[in-house]
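Visitor: What follows is a protein structure lacking sequence information:
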């Protein structure tokens, strides 16, 4: 997943906005290692927005330009031409193909469009929400979920205690985590890892989410529930733990 502040930072640099209805992309594409993946982009700003950019962003890294397409020959950034192929059938539709997939190709791929004025100045850029490309390297595995209680030292010495929800041994990394106290959804005082970490040997992922609550709230009559949602390409699997 993308760190929101980092994403907004780059959107400001490119003087663009995220426009899900203006620029439409698939949310997720899954492909096997060694195959090719096609990601599409449809823009609804109008035929004058014919300049299309493709970016790649890996977890924890900055966006990198792959290719820029207009009516002429595509302009590739640092990307190798033999790795990527682009199509632009008309001003509103484009696609990028990533060939000979490997683990380093796992990333979020963003499409943006701009209008170039007669004086060669560019308009504001409009971004899609990005397509997450997953290169499958092993069998799909559902997450195991547990909640770690605060330590005795924390409950006795601090005004707030921390509950930790751990989701582990899942593949691929398509998960989200939510918290509830009783029947109430909790968004404040929640810190979830910006992206899952992967074991190099097993290829399995793990992620944690931390909920801070006051000692006043942390009492036996209150229930604390962590819910992990895992998408396995066809279904959403839900696993919850409560203390």
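Guide: Nice, thanks for sending it over. Worth saying up front: this structure is predicted, and the values here are computed from it rather than measured.

Visitor: From now on I want contacts and neighbour counts done on CA atoms only, so please keep to that.
Guide: Fine.

Visitor: which stretches of this structure form helices?
Guide: 4-13, 152-157 (DSSP state H).

Visitor: Mean pLDDT lowest where, among those?
Guide: When those are compared by mean pLDDT, helix 4-13 comes last with a mean of 34.

Visitor: Show the contacting residues for residue 193.
Guide: 207, 208, 209 (CA atoms under 8 Å, 6 or more residues apart in numbering).

Visitor: Mark out where each domain of this protein begins and ends.
Guide: 4-136, 144-242 (automatic domain parsing).

Visitor: got the contact list for the closest residue to residue 50 other than its chain neighbours?
Guide: Once flanking residues are discounted, residue 50 sits nearest to residue 91: 4.7 Å by CA to CA, 6 or more residues apart in numbering. Contacts of residue 91 were listed using CA under 8 Å, 6+ apart, and they are 46, 47, 48, 49, 50, 51, 70.

Visitor: Tell me, how many residues neighbour residue 176?
Guide: Residues lying near residue 176 (other CA atoms under 10 Å) number 16.

Visitor: That one is in contact with residue 226, isn't it?
Guide: No. Counting by CA atoms under 8 Å, residue 176 sits too far from residue 226 to count as a contact (10.5 Å).

Visitor: that older thread, could you identify which of the contacts of residue 193 has the most neighbours?
Guide: Neighbour max across the contacts of residue 193 (other CA under 10 Å) = residue 207, 23 neighbours.

Visitor: so what's that residue bridging to?
Guide: Beta-bridge pairing for residue 207 (DSSP bridges): residue 167.

Visitor: Quickly note the distance from it to residue 133.
Guide: From residue 207 across to residue 133, the span is 19 Å (CA to CA, to the nearest Å).

Visitor: now do residue 183
Guide: For residue 183, the distance to residue 133 - CA to CA - is 35 Å.

Visitor: And residue 214, by the same measure?
Guide: For residue 214, the distance to residue 133 - CA to CA - is 40 Å.

Visitor: end-to-end on stretch 145-164?
Guide: For stretch 145-164, the end-to-end distance is 11 Å (CA to CA).

Visitor: correction: stretch 47-62
Guide: 30 Å.

Visitor: Can you mark which positions in stretch 138-156 are buried?
Guide: Using 16 or more other CA atoms under 10 Å as the test for burial, stretch 138-156 gives 141, 142, 143, 145, 146, 147, 155.

Visitor: re earlier: residue 183 and residue 133: which is more packed in?
Guide: residue 133 (22 against 11).
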